[in-house]
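S.K.: A predicted structure for the sequence below; I have some questions about it.
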Amino acid sequence: MSSKVQAIRGTQDMLGEQAERFQAVVAAFGRVRRLYGFQRVEVPVIEATAVFARSLGETTDVVSKEMYSFEDRGGEPITLRPEFTAGICRAFLSEGWQQHAPLKVAAHGPIFRYERPQKGRFRQFHQLDAEIIGSDAPAADVELLSFADQLLRELGVADGVTLQLNTLGDPETREAWRAALVEHFQAQREALSEESLARLDKNPLRILDSKDARDRIIADSAPAIDDYLSEAAANFFASVTAGLDAAGVAWTRNPRLVRGLDYYRHTAFEFVTDRLGAQGTVLAGGRYDGLIEALGGPHTPAVGWAAGIERLAMLIERPEAERIEVALVPLGTAAEAAALRILADLRRSGIASDMAFRGNMKKRMQRADSSGARYAIIVGDDELARGEVALKDLTSGKQEAVALDGLARRLAATIPRGGHSELAAGLADHAASPSSSTDRVAKAS
RNA sequence: GCGAUCGUAGCUCAGCUGGUUAGAGCAUCGGUUUGUGGUACCGAGGGUCGCGGGUUCAAGCCCCGUCGAUCGCCCCA
């Protein structure tokens, strides 16, 4: 294999079921996004490295070791986006989108991180992303979390997933708590793991979610943020949780859920599953009121989340495979020309169809069958002479002669329009029953 | 960056303590007189056993390296 071309480590090629799962996640995101009034936004995959370096704080491991950075031919430092948020905030500033604040936007696409691949973790992966920029209201947090919650419900993964919620408070709260934590850990530093000793200098909050048993005892007895919350911060968090309760979004408090970077304020959350090993976080986000300032903009409060498409795709029920409705089976050269005409008519009428044009009739019928089509249209010289075709129902095996004239129109009336009306079909499914799509999968399998 | 396990046909795997021309199922392609699919039967193609080196009379099997995969650690914006 060494002489053959191969995919870059940590990238993936998807076909068939994998691609269908991926597409199902994106389609659900698109539907729910519209229900919540989030506009679709498109931003570049590449940005000036400074966009991410400044938003992430220049020094961290994240910036120095885990970004795909390079110089372009003009010598400009460029980075493949390691997240959506910084790029969207940059666009918010450089495109003058402040005039639209508060701005509700959603995006999805490839994300790059130079990491060791493992389960549900790739170097090129894909995220869904939602942001509300320019609102300091707790209602924005609630809105965003409701969106996330409904998305996971519609994907059918909500049952195995819990929303863990915490507050990091306002800057004063955060500083006071951080100082108390450092003091607490310093006092017992001999008992900490080596990793946590390093964290003590770099990122003390992270000791709270250490997996090491030695750290756990110390972390569990660490001071809780609740004792340091300012009145304003406490009120903010209370509004968020009350809003979630009112909206019927289930949550649990996780006082050890933290974010390392200073621009995070108030709400932090993760939707977590136990079904993906060490990579159990399926959707995560929080309030980042300090980020836009870090990019050189005016103080602009904002909240957002991102979710890994691949991880969600692994969790959902297998989606129904895409298939065509009608397969044409022409017999002979004259018939093939006629069949091409019929095929074009069907497709223009919105009926997904294809043609089997190789092999003898048996092979062609086999191909028609394995395409998953509901009908086969058999076009032979006999039929053509009479101005008809044979329409065979591949489920029942019944076959009848049908006039060529108006064939596409007749079929269009009985066959649901397929292919390019996925969004409408999805909405219809949802209206009928939230679980209808999984029901169909169950029946099909 | 670190550790563990793994790497045989497109896919899932078999290949006994190292011993002739490396197998199966599925898939693909063709055939059972180009007019009828889901079954059945016959046949074909497809592998320098990830790659490189070493040990040996002999390596798919043992050793080293390398690349890749998987799972975990670190990290997780």
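M.R.: The structure has been received and is ready for your questions.
S.K.: Any idea which residue of the stretch 201-350 of chain A lies closest to RNA strand B?
M.R.: Proximity of the stretch 201-350 of chain A to RNA strand B (Cβ to the nearest atom of the strand) peaks at A:Gly277, 2.1 Å away. The C-beta positions use only the backbone N, C-alpha and C, and glycine is treated the same way.
S.K.: check whether stretch A:327-340 contacts RNA strand B.
M.R.: Yes. Interface with RNA strand B: stretch A:327-340 contributes A:331-332 (Cβ under 7 Å from any atom of the strand).
S.K.: And chain A, what are its domain boundaries?
M.R.: A:17-170+A:230-315, A:326-414 (automatic domain parsing).
S.K.: Nearest to A:Asn203, out of those?
M.R.: Minimum separation from A:Asn203 across the domains of chain A (Cβ to Cβ) falls at domain A:17-170+A:230-315, 4.7 Å.
S.K.: Return the distance of A:Asp274 relative to A:Thr281.
M.R.: A:Asp274 is 11 Å from A:Thr281, where distance means Cβ to Cβ, to the nearest Å.
S.K.: now do A:Thr11
M.R.: For A:Thr11 relative to A:Thr281 (Cβ to Cβ), the value is 21 Å.
S.K.: Have a look at the two and say which one is more surrounded.
M.R.: Taking neighbours as other Cβ atoms under 10 Å, A:Thr11 and A:Thr281 compare with A:Thr281 leading, 17 against 14.
S.K.: Helix, strand or coil: sort out the nearest residue to the more buried one once chain neighbours are set aside for me.
M.R.: Spatial nearest neighbour of A:Thr281, chain neighbours left out: A:Glu270 (4.9 Å); criterion: Cβ to Cβ, 6 or more residues apart in numbering. Three-state assignment for A:Glu270 (DSSP: H, G, I helix; E, B strand; the rest coil): strand.
S.K.: Pretty sure A:Glu270 sits against A:Arg256.
M.R.: No. The pair A:Glu270 / A:Arg256 is not scored as a contact, 11.1 Å apart, by Cβ atoms under 8 Å.
S.K.: Common neighbours of the two, please.
M.R.: With Cβ atoms under 8 Å, 6 or more residues apart in numbering applied, the contact sets of A:Glu270 and A:Arg256 do not overlap.
S.K.: and A:Glu175, how many neighbours does it have?
M.R.: 13.
S.K.: My error: substitute A:Arg318 in the last question.
M.R.: Neighbour tally, A:Arg318, other Cβ under 10 Å: 14.
S.K.: so how far does stretch A:373-382 reach from one end to the other?
M.R.: This stretch, stretch A:373-382, spans 24 Å end to end (Cα to Cα, to the nearest Å).
S.K.: near RNA strand B, which residues of the stretch 51-200 of chain A?
M.R.: Residues of the stretch 51-200 of chain A found near RNA strand B (Cβ under 7 Å from any atom of the strand) are A:52, A:56, A:60-63, A:66-67, A:82-83, A:85, A:113, A:115-119, A:195, A:198-199.
S.K.: Among those, which lie within strands?
M.R.: Among these, DSSP state E puts none in strands.
S.K.: From the residues you listed, keep the buried residues only.
M.R.: A:52, A:56, A:62-63, A:66-67, A:82-83, A:85, A:113, A:199 (16 or more other Cβ atoms under 10 Å).
S.K.: Identify those among the residues you listed that sit within helices.
M.R.: Cross-referencing these against helices under DSSP state H gives A:52, A:56, A:62-63, A:85, A:199.
S.K.: For the domains of chain A, which has the smallest mean pLDDT value?
M.R.: Mean pLDDT values for the domains of chain A show the minimum at domain A:326-414, a mean of 89.
S.K.: tell me how far it is from the chain's mean position?
M.R.: Its chain's average C-alpha position is 38 Å from that of domain A:326-414, according to Cα atoms, centre = their mean, to the nearest Å.
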